[in-house]
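Asks: I'd like to go over a predicted model; first the sequence, then the structure.
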Amino acid sequence: MSMANTSSPRSRNRPVRDWSGRIGRTALIGLPLAVLVIWTVTPILWAVLASLKEPLEIYESTSLLPENPTLDAYRKVLAMDGFGRWLFNSALVTVVATAVPLTISILAAYGFARYAFRFRHVLLLLYLVPRIIPRVSLIVPLNSLMSDLGLINTYWVLFITYSASAIPLATWILVGFFASIPREIEDAATIDAANMYNRLRRVMIPIAWPGVVTAGVLCVREAWNEFAFVLALVNETTMRTLPYQLYVLKDAMGVQDYAVYNAFTILTILPLLLVYLLLERRVVDSIVSGSVK
Amino acid sequence: MDAPFVALQDLRKSFGATEVLHGIDLDIPRHAFVVLVGPSGCGKSTLLRMIAGLEKVKHGRIVIDGDVVNRVHAKHRGIAMVFQNYALYPHMTVRENLAFSLEMLKTETTEMERRINTAADILQLDMLMDRLPGQLSGGQRQRVAMGRALVREPKLFLFDEPLSNLDAKLRVEMRAEIRALHQRLESTTIYVTHDQVEAMTMSDIVVVMNAGRIEQAGPPLELYDHPASEFVAAFMGSPAMNLLRGRVVRMNGAPAVEVGDGLVLPLGPTAPVREGQEVVYGLRPEHLSIAPEPDAGLAGDVALVEPAGWETHLHADVHGRRFRAISTDRLDVVPGDRVALRPEPSRVHLFDGETGARL
């Protein structure tokens, strides 16, 4: 007999409401999730459907679904003079601005996680300072600096600025992952004659792989979507990236062809979406639990 | 007399301002199974890590097989270590775990295969070679950890509390396996544990440590029968020795120890004490016999009866003091019954009341 049924008239007349029950829990978790999903998916869905419409259909019809779905908008985008180049620029800058930060961040994070040195905590906090400064506020001084260095309108300016922007976040993520690896595993590797390079390459990085992938995905996302730096540091058409070209596309079109505009948007986000889907399958859950008690 | 295989000479270690090892001197003979035992925080694992080369040595010397290894990297010391938490590489299969050190040492493939197969055969790992550590039981993981040490064919095996998280039954099995392995390989082993039963059953030499110092080192029965200090007496043996503080008096012309509340405990006639001396009176539970008649010894009340199978552990209160006794006879007593405990004066251990040193 439960305590709830013992004495009070209230408890005898109706059941105690249990907000932690199944329905309550489902509502508590499910409702916000549903809102989030709808909030996130709706614009993308709208853009996909709009991209399948004929040029003036958006003005003429309020229907969400295209009357005569067509891929004409996508053909126009792919046939644009320079689309291949913009896609290449985005891809190249993203690859470099992922590989370089990851390399530097892995080494930095390993040092922060494993070695006790003076001002370690202060330095780690200082790593966050670039993330606190609004990117927009850096445009003018960066433009001036890169102009003096003769790097405007070069790949190098994007490599440097994108990489510098990604390193702090990647390092912070990786410090946590490296620190969570039990020291005994590394001690075992030391006794097994592994030098620092082999300890990092053969033991630490594979174990921290989920962290490396997470940091890599964030670097990819930041580099692919980056707009402020490329707007400030590049002005030649051939050096544009997809987000930059998307921005100027609206002004470049006379009468707005929203189907083309949305098709360009979808083609811009599609590679990133594929990266997410691919890496989500490949991210391995931590298998450290098998290595220690 | 042969030179010791491992010699620790005036080893000290500090972490910041805290000194954790105070001048450790120890000689370990070749082929010996030496157990470092002591309570948590006594410095035994730190000492083991210094021998392994995982902690720097700034004061003192470590000599292994005639060579001073203070500045020698762990991989060149001829040692292999089995860790408390296994420390297996979770992303590598059992075979890859065993092969890792040999790859790092650029061992020839045929030699690598030979050593791995030998280790797998000895430790019965053949069916597990393609599994990941996460797919193994605790005992299997421990055998893989031992296999990883075995393939190195080291001069010196180091074990850091390898059985501490196994269940009791598995612990007993693995104890025997480790000891059998040691005998088969004729190796030298240093084994760290906080479990004095492991120390007693596995070792050739037990080293009892306390607060960064060696309390006593010697064969297990030597420490059991002749503990050099109150600490060793209390630490070795299960159930623990009965220890009571008192003052030496004379009773019926013979020395005895008065422990308070009118309780006087007998000593042997040749006990090395003087009247009035403050001492600690020690008696192992198996040297307290139990008489059913309350007037045949120290009369007391049964507080707890613990049947442990072939022996029974009895806890009794005598004049307000708790005594532990062991009997191999089945006892027909329950808590609250009156019993008499008869100490064997010839088996009493006496320790100085101030220093704890054996008298």
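Replies: Happy to help now that I have it.
Asks: all contacts plus neighbour counts: C-alpha atoms, from now on.
Replies: Fine.
Asks: list the strands paired with the worst-scoring helix or strand of chain B on mean pLDDT, with their directions.
Replies: The least trusted helix or strand in chain B, going by mean pLDDT, DSSP states H and E, turns out to be strand B:288-291, with a mean of 86. Note on strand B:288-291: by DSSP bridges, its sheet partners are strand B:338-343 (antiparallel).
Asks: quick check: next helix or strand after the partner strand?
Replies: strand B:349-352 (DSSP states H and E).
Asks: other SSEs contacting that following strand?
Replies: strand B:278-283 (3 or more Cα pairs under 8 Å, 6 or more residues apart in numbering or on different chains; DSSP states H and E).
Asks: for the residue of chain B found nearest chain A, helix, strand, or coil?
Replies: Chain A sits closest to B:Gly134 of chain B, with a gap of 3.4 Å, by Cα to the nearest Cα. Following DSSP: H, G, I helix; E, B strand; the rest coil, the label given to B:Gly134 is helix.
Asks: what about the strands in the stretch 101-250 of chain B?
Replies: Secondary structure of the stretch 101-250 of chain B by DSSP state E, counting those that start in this stretch: the strands cover B:156-160, B:188-193, B:205-210, B:213-218, B:242-251.
Asks: which strands border the last one, and is each parallel or antiparallel?
Replies: Same thing as strand B:242-251. Going by DSSP bridges, the partners of strand B:242-251 are strand B:254-260 (antiparallel), strand B:278-283 (antiparallel).
Asks: ok, now the third one?
Replies: Based on DSSP bridges, the strands next to strand B:205-210 in the sheet, each with its direction, are strand B:33-37 (parallel), strand B:213-218 (antiparallel).
Asks: ok, the residue lying closest to A:Asp257 once chain neighbours are set aside - contacts?
Replies: Closest residue in space to A:Asp257, ignoring its immediate chain neighbours: A:Pro55 at 5.7 Å, by Cα to Cα, 6 or more residues apart in numbering or on different chains. Contact analysis of A:Pro55 by Cα atoms under 8 Å, 6 or more residues apart in numbering or on different chains lists A:73, A:257-260.
Asks: okay if I get those residues as JSON lines plus pLDDT, secondary structure and neighbour count?
Replies: Formatted as JSON lines, the contacts of A:Pro55 follow (pLDDT from 0 to 100; DSSP: H, G, I helix; E, B strand; the rest coil; neighbours: other Cα atoms under 10 Å in any protein chain shown):
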{"residue": "A:Ala73", "pLDDT": "90", "secondary structure": "helix", "neighbour count": "23"}
{"residue": "A:Asp257", "pLDDT": "82", "secondary structure": "coil", "neighbour count": "20"}
{"residue": "A:Tyr258", "pLDDT": "85", "secondary structure": "helix", "neighbour count": "22"}
{"residue": "A:Ala259", "pLDDT": "88", "secondary structure": "helix", "neighbour count": "28"}
{"residue": "A:Val260", "pLDDT": "90", "secondary structure": "helix", "neighbour count": "26"}
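Asks: got JSON lines for these, with distance to B:Asp65 too?
Replies: Output for those, formatted as JSON lines (distance: Cα to Cα, whole Å):
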{"residue": "A:Ala73", "distance to B:Asp65": "80"}
{"residue": "A:Asp257", "distance to B:Asp65": "84"}
{"residue": "A:Tyr258", "distance to B:Asp65": "82"}
{"residue": "A:Ala259", "distance to B:Asp65": "81"}
{"residue": "A:Val260", "distance to B:Asp65": "79"}
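Asks: quick revisit: in terms of mean pLDDT, which of the strands paired with strand B:242-251 ranks lowest?
Replies: Ranked by mean pLDDT, the strands paired with strand B:242-251 bottom out at strand B:254-260, with a mean of 89.
Asks: that older thread, buried deepest among the strands paired with strand B:242-251, which one?
Replies: strand B:278-283 (a mean of 23; mean count of other Cα atoms under 10 Å in any protein chain shown).
Asks: just give the number of residues close to the residue of the stretch 1-150 of chain A found nearest chain B.
Replies: Chain B sits closest to A:Ala116 of the stretch 1-150 of chain A, with a gap of 12.5 Å, by Cα to the nearest Cα. Residues contacting A:Ala116 under the criterion other Cα atoms under 10 Å in any protein chain shown number 10.
Asks: so it, which of the three states?
Replies: Classified using three-state DSSP, A:Ala116 is coil.
Asks: for it, give me its contacts.
Replies: Taking Cα under 8 Å, 6+ apart as the definition, A:Ala116 has no contacts.
Asks: which residues does B:Leu166 contact?
Replies: B:Leu166 neighbours (Cα under 8 Å, 6+ apart): B:138-139.
Asks: no wait, B:Pro219
Replies: Applying Cα under 8 Å, 6+ apart, the residues near B:Pro219 are B:203-206.
Asks: which of those ranks first by neighbour count?
Replies: Among those, B:Val206 has more neighbours than the rest - 26 neighbours, counting by other Cα under 10 Å.
Asks: and the pLDDT for that one?
Replies: Confidence score, pLDDT, at B:Val206: 96.
Asks: and chain B, which residues reach chain A?
Replies: Contact residues (Cα under 8 Å from any Cα of the partner chain) of chain B with chain A: B:52, B:54, B:74-75, B:79-81, B:83, B:85-91, B:100-102, B:104-105, B:132-136, B:138, B:165.
Asks: go again with 6 Å.
Replies: Residues of chain B lying close to chain A by Cα under 6 Å from any Cα of the partner chain are B:74-75, B:85-90, B:101, B:104, B:133-134.
Asks: any of those buried? List them.
Replies: B:74-75, B:85-90, B:101, B:133-134 (16 or more other Cα atoms under 10 Å in any protein chain shown).
Asks: can the residues you listed go into JSON lines with extra columns for secondary structure and pLDDT?
Replies: Below are these laid out as JSON lines (DSSP: H, G, I helix; E, B strand; the rest coil; pLDDT from 0 to 100):
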{"residue": "B:Ala74", "secondary structure": "helix", "pLDDT": "94"}
{"residue": "B:Lys75", "secondary structure": "helix", "pLDDT": "92"}
{"residue": "B:Asn85", "secondary structure": "coil", "pLDDT": "89"}
{"residue": "B:Tyr86", "secondary structure": "coil", "pLDDT": "90"}
{"residue": "B:Ala87", "secondary structure": "coil", "pLDDT": "94"}
{"residue": "B:Leu88", "secondary structure": "coil", "pLDDT": "96"}
{"residue": "B:Tyr89", "secondary structure": "coil", "pLDDT": "97"}
{"residue": "B:Pro90", "secondary structure": "coil", "pLDDT": "95"}
{"residue": "B:Ser101", "secondary structure": "helix", "pLDDT": "95"}
{"residue": "B:Pro133", "secondary structure": "helix", "pLDDT": "95"}
{"residue": "B:Gly134", "secondary structure": "helix", "pLDDT": "94"}
